[in-house]
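[1] next comes the sequence, and after it the predicted model I'd like to discuss.
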Amino acid sequence: MATLMLTHPVFMEHETPEGHPERSDRMRAVMKVLEGETFQDLLRGEAPLVDLELIEKAHPRDFIELIEATSPEEGLQPIDADTWMSPASWEATLRAAGAGVLAVDAVLEGEADNAFCAVRPPGHHAEANRAMGFCLFNSVAIAAHHARDAYGLERVAVVDFDVHHGNGTQDIFWDDENLFYGSTHQMPLFPGTGSKSETGVGNIFNAPLSAGDEGEQFREAMDTVIIPSLDIFSPQLLIISAGFDAHHRDPLASINLTEEDFAWTTLKLMEVAEEHCDGRIVSMLEGGYDLEGLASSCAMHVQTLMDGGYLDD
């Protein structure tokens, strides 16, 4: 399969305070593992700057202008206790969103079967009017709206297996029946959203996990909640919020997944995409804060996208 990987050096220049888990070393770890021989057949491209008008599909203009105005010329600027900007952060978040848009273009125009965007800052906590949880703009939501507006798609789905609930994507999708959001995540945990009762207009499907859960519970949540709901929705494009902080090594949560669990769910989502949308998948990096766990899990995810998987169900 032809898999496109999009990234940019500026993602390593987005700085956060010393000791912050969302640090530039995350991107260095991901890029190092994806430079290995296993990934020599990856199509590689540069994440472009996104057009501000495309961001407006998910965020109002005054919010966009606020984030731009917050960007410092030097040093670090907090948005809240968790979310920071450095001089390179504005460009980085524009290119993160730009990666999602270009990946949608490549997949829908047949230039690649699927795509992986190795980006930071992450995006799924960014609500329509609020940056939070390390996130400035919601890249997957911007990509989903672009797919609909530019290509006339009616139904676009986002599946999120980051250990933290993607409150921002849920917020932006909440009242649009043609945008699907499905999430597995630890609960209770930041940001405090993601209960089963949060259903939007019948387009939101949350499958919360408990601290200490392992692959068995994660796979059950995917098999009994996310996958059946996704099949009914029948997406024309599937976008993945690929967070790897449910890995057992991760310091910010207490779910105990392995690399094989991420490969399994990637393959499951590929099967759904093959059934409903000619295999068209765009995957975007979200969380993952243990460098070893992030790198190995990301490698397994991308390898599965490339070769269609090798694991038995």
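    That came through, no problem. Note that the coordinates shown come from a computational prediction; the quantities given were computed from them, not determined experimentally.

[2] check which helices and strands the top strand by length along the chain sits against.
    In the chain, assigned by DSSP state E, the strand with the most residues is strand 179-186. Secondary-structure packing of strand 179-186 (3 or more Cβ pairs under 8 Å, 6 or more residues apart in numbering; DSSP states H and E): strand 156-160, helix 167-173, strand 204-209, helix 227-233. In short, each C-beta sits where N, CA and C put it, glycine included.

[3] how about 6 Å then?
    strand 156-160, helix 167-173, strand 204-209 (3 or more Cβ pairs under 6 Å, 6 or more residues apart in numbering; DSSP states H and E).

[4] next, format the ones you listed as TSV and append mean neighbour count and distance to Ser195.
    Converted to TSV, the helices and strands packed on strand 179-186 look like this (neighbours: other Cβ atoms under 10 Å; distance: least, Cβ to Cβ, whole Å):
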stretch	mean neighbour count	distance to Ser195
strand 156-160	28	15
helix 167-173	26	11
strand 204-209	23	6
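
[5] okay, and the beta partners of Cys135?
    Beta-bridge partners for Cys135, by DSSP bridges, are Met132.

[6] Ser241 in helix, strand or coil?
    Three-state call for Ser241 (DSSP: H, G, I helix; E, B strand; the rest coil): strand.

[7] nearest spatial neighbour of it, skipping sequence neighbours?
    Distances taken as Cβ to Cβ, 6 or more residues apart in numbering place Asp160 nearest to Ser241, at 3.7 Å, with adjacent residues excluded.

[8] doesn't Ile240 make contact with the one you found?
    No: checked against Cβ atoms under 6 Å, the pair Asp160 and Ile240 is beyond contact range at 7.6 Å.

[9] mutual contacts of these two, please.
    Common contact partners of Asp160 and Ile240 (Cβ atoms under 6 Å, 6 or more residues apart in numbering): none.

[10] thought Pro191 was touching Thr169?
    No: contact status for Pro191 versus Thr169: not in contact, 11.6 Å apart, counting by Cβ under 6 Å.

[11] the stretch 1-150 of the chain: strands as residue ranges?
    Here the stretch 1-150 of the chain has its strands, by DSSP state E, counting those that start in this stretch, at 3-7, 43-46, 77-78, 84-85, 114-117.

[12] sheet partners, orientation included, of the last one?
    Neighbouring strands of strand 114-117 in its sheet, by DSSP bridges, are strand 3-7 (parallel), strand 281-285 (parallel).

[13] could you do the third one as well?
    Partner strands for strand 77-78, per DSSP bridges, with pairing direction: strand 84-85 (antiparallel).

[14] what about the strand it pairs with, distance to the chain center?
    Centroid separation between strand 84-85 and its chain, computed with Cα atoms, centre = their mean, to the nearest Å, is 19 Å.

[15] what lies in contact with it?
    Thr16, Thr70, Ser71, Leu76, Gln77, Pro78.

[16] same check on stretch 86-99?
    By Cβ under 6 Å, 6+ apart, stretch 86-99 touches 6, 8, 10-11, 13-15, 47-50, 71-72, 76, 117, 119, 121, 136-137, 139, 142.

[17] how about it as CSV, C-alpha atoms only?
    C-alpha atoms of stretch 86-99 as CSV (Å, rounded to 0.1, in the frame of the first residue of the first chain):
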residue,chain,number,x,y,z
SER,A,86,7.1,29.7,21.8
PRO,A,87,8.2,31.8,18.8
ALA,A,88,7.9,28.7,16.5
SER,A,89,4.5,27.6,17.8
TRP,A,90,2.3,29.6,15.5
GLU,A,91,4.1,28.2,12.4
ALA,A,92,4.0,24.7,13.9
THR,A,93,0.3,24.7,14.5
LEU,A,94,-0.4,26.1,11.0
ARG,A,95,1.7,23.3,9.5
ALA,A,96,0.1,20.7,11.7
ALA,A,97,-3.3,21.7,10.3
GLY,A,98,-1.7,22.0,6.9
ALA,A,99,-0.5,18.4,7.1
